[in-house]
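Colleague: Sharing a model that was predicted from the sequence below.
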Amino acid sequence: MTAGGALEAPPTARKRHPSASSIVIALLVAGYVLHVAARLWLVHRLAAPPAHADEDAYLVAARALAGGPGGGTTENRLFRRLGYPLLISPVYWFTSDAFAVYRAVRVLGSLLNALTFPLAYLFARRVLDLRTATALAGGMAAAALPAVAFYGGLALTDVVLAPLGLAWLLLVHRWLATGAGAVAAGAVAGFCSTVHVRGTVVALVHCALAVMLVRRRGPASLAATIAGAGLEVVLRLSIRGEVSTWGDEPSGGSLLSLATLGRAVAGALGQLWYLGAATLGIGLVGLVAAAAGLRDRRPRAVVLSVALAATVLVALGSAATLPPGERITYVAYPRYVHFLFPVWLLSGLVALRSPRLAAAGAALLAATGLLVGVRAHGRTGAFDVPELVWFGAGLPVLVPTLVALAGLAAAVGARRRPDLVAAVVALCGAVTVSAATERVLVPAAAHQYGPDTPRLVRDAGLRPGDVVASAVHQATYEFRWNHMREVHWTRIGYFDQRLEGPPDTATVVIAPHGAPDPSIDWDGTRYGFRLIIVDPRHHWSVWRRG
């Protein structure tokens, strides 16, 4: 009984309320599942890669790492890395069918890319010290950014770089704040280098940090970074040249390009404009805040300084090495810095509290927009700029800049409700990603495989043991890469049908048939081959010897 004589309810009868941590964990799990499901839904109609030949190269590299035949890539050895193919290679342990592989890789990619949400939440809570509700809304917004989600269901390094970047910065913060995590942070930074050349910048920035923190387990972190980056060498040795790089290797011309400081700086500033335009100005405010805190030695400020160094160096390096004048987007090419957009969006939610920082971000957005507007000329690639899907062809500058400035003004007005600002950004991101998928990805893949499109194994009867050669000049370039993946038991050989016949060892030839350019058509009867099947829509055919 209680002091007042009332009976106390037995323990089993008391109401049990879930703890706050349980609710947060449940919301994180639900949000993660939602992001995975959204990514899978967006790409569920893609039977073939919309991003040739990058996706194909990663897929055949993964096949080689799993013990199968490799293939070719239009990249060079500097840009093509094997860290991402390593992550998806286990898919080939269960199936070799090109279509099943691509479906499985999309699922795996969605699972990995959606990790941006819980990692962004942790970054907001632990590094930026945001309230739980704001951190959850900010995490949803960060993971819904087109910079992250648009590529989330494809076979590209963009799938994993955003989660890797957040994981690296979280571990750096833990290292600075508690002394633990130095080795893990170095290992993640090193692995970034095996994923893509932009990850090499992450590794170099981390090495510089480790040198400065020599008395705080810096040498151990440095060793872990070198070991992580060295994995690339081990992976290349393991496949012994199974993946051929057909792109131009860096030469004196690219070194001269690196020395062109003016173009590099202008291109980097263009990328900063894009950061602002793609985040309603909020990300640019976060970046300005990081620059303003460079002398601060607290863990949060140091983490943001490290992120700032990586962003600027990646922007400068990519702007210097991208070919001038080929695309409009090369004056503001965002994809190499896309993976750090979540960091700057979250940082910007904090920096909005300062009208001075918000004004500086707005001024930088306007100034860089003016620079991009002056330099923009030529053609663009919609795949690189999903955030601008609403604004028409080319590289629109004025309208996105005005929209971002208006969005920034509204965000400053609502700065006391950063959770509401983040929710609006998340909604805008989700709608934009959906529109960009419909307008860019689906059309790029839809025409490749229709109900009447032959498949090499199912319809043409190709099977393990067939030695396959392909004519170099094809009417539809996508099928050169599709066939490389469909023939999963051997590497395809190539021959120039205008100059020579197929290799003597070839038992099957894939060649143009009824092409718009008759000069590339190939008649296999001259070489003892008989016609097996024709794809009249894509102008290719399959011939078998004998």
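Modeller: Nice, I can see it.
Colleague: where exactly do the helices run in the stretch 351-500 of the chain?
Modeller: Using DSSP state H, counting those that start in this stretch, the helices of the stretch 351-500 of the chain run over residues 355-375, 398-413, 418-436, 442-446, 478-486.
Colleague: Include mean neighbour count when you put these into TSV, please.
Modeller: Bear in mind the C-beta positions are built from the backbone N, C-alpha and C, glycine included. As requested, these are arranged in TSV below (neighbours: other Cβ atoms under 10 Å):
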stretch	mean neighbour count
helix 355-375	19
helix 398-413	18
helix 418-436	20
helix 442-446	16
helix 478-486	23
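Colleague: mind giving me a markdown table with those and columns for mean pLDDT?
Modeller: Listed next are these as a markdown table, based on pLDDT from 0 to 100:
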| stretch | mean pLDDT |
| --- | --- |
| helix 355-375 | 96 |
| helix 398-413 | 97 |
| helix 418-436 | 97 |
| helix 442-446 | 94 |
| helix 478-486 | 94 |
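Colleague: for the closest residue to Ala167 other than its chain neighbours, what are its contacts?
Modeller: Sequence neighbours aside, Val188 is the residue nearest to Ala167 in space, at 5.4 Å (criterion: Cβ to Cβ, 6 or more residues apart in numbering). With contacts defined as Cβ atoms under 8 Å, 6 or more residues apart in numbering, Val188 is in contact with 164, 167-168, 171, 228.
Colleague: Ser89: which of the helices of the stretch 351-500 of the chain is closest?
Modeller: helix 478-486 (14.0 Å; Cβ to Cβ).
Colleague: which outside residues touch that closest one?
Modeller: 48-49, 52-53, 56, 59-60, 71-72, 98, 101-102, 448-449, 455-457, 462, 468, 470, 474, 492, 510, 535, 538, 540.
Colleague: So which of the helices of the stretch 351-500 of the chain is nearest Trp344?
Modeller: Nearest to Trp344, of all the helices of the stretch 351-500 of the chain, is helix 355-375, at 10.1 Å by Cβ to Cβ.
Colleague: Packing partners of the closest one?
Modeller: Packing partners of helix 355-375 (3 or more Cβ pairs under 8 Å, 6 or more residues apart in numbering; DSSP states H and E): helix 261-278, helix 282-292, helix 341-351, helix 398-413.
Colleague: residue closest to the middle of this structure?
Modeller: Asp158 (0.9 Å; Cα atoms, centre = their mean).
Colleague: Pick the most deeply packed of the helices and strands packed on helix 355-375.
Modeller: Of all the helices and strands packed on helix 355-375, helix 341-351 carries the top mean neighbour count, a mean of 29, counting by mean count of other Cβ atoms under 10 Å.
Colleague: Send me that helix as PDB with only the CA atoms.
Modeller: C-alpha atoms of helix 341-351 as PDB (Å, rounded to 0.1, in the frame of the first residue of the first chain):
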ATOM      1  CA  PHE A 341      26.500  18.200 -50.300                       C
ATOM      2  CA  PRO A 342      24.900  16.500 -47.300                       C
ATOM      3  CA  VAL A 343      27.600  17.900 -45.000                       C
ATOM      4  CA  TRP A 344      27.100  21.400 -46.200                       C
ATOM      5  CA  LEU A 345      23.300  21.200 -46.100                       C
ATOM      6  CA  LEU A 346      23.400  20.100 -42.500                       C
ATOM      7  CA  SER A 347      26.100  22.600 -41.600                       C
ATOM      8  CA  GLY A 348      24.000  25.300 -43.300                       C
ATOM      9  CA  LEU A 349      21.000  24.500 -41.000                       C
ATOM     10  CA  VAL A 350      23.100  25.500 -38.100                       C
ATOM     11  CA  ALA A 351      24.700  28.500 -39.800                       C
END
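Colleague: so for that helix, what's the average pLDDT?
Modeller: Average pLDDT, helix 341-351: 98.
Colleague: Thr194: what's it in contact with?
Modeller: 81-83, 86, 228-229, 231-232, 235 are the contacts of Thr194 under Cβ under 8 Å, 6+ apart.
Colleague: What pLDDT does the model give it?
Modeller: On pLDDT, Thr194 comes in at 97.
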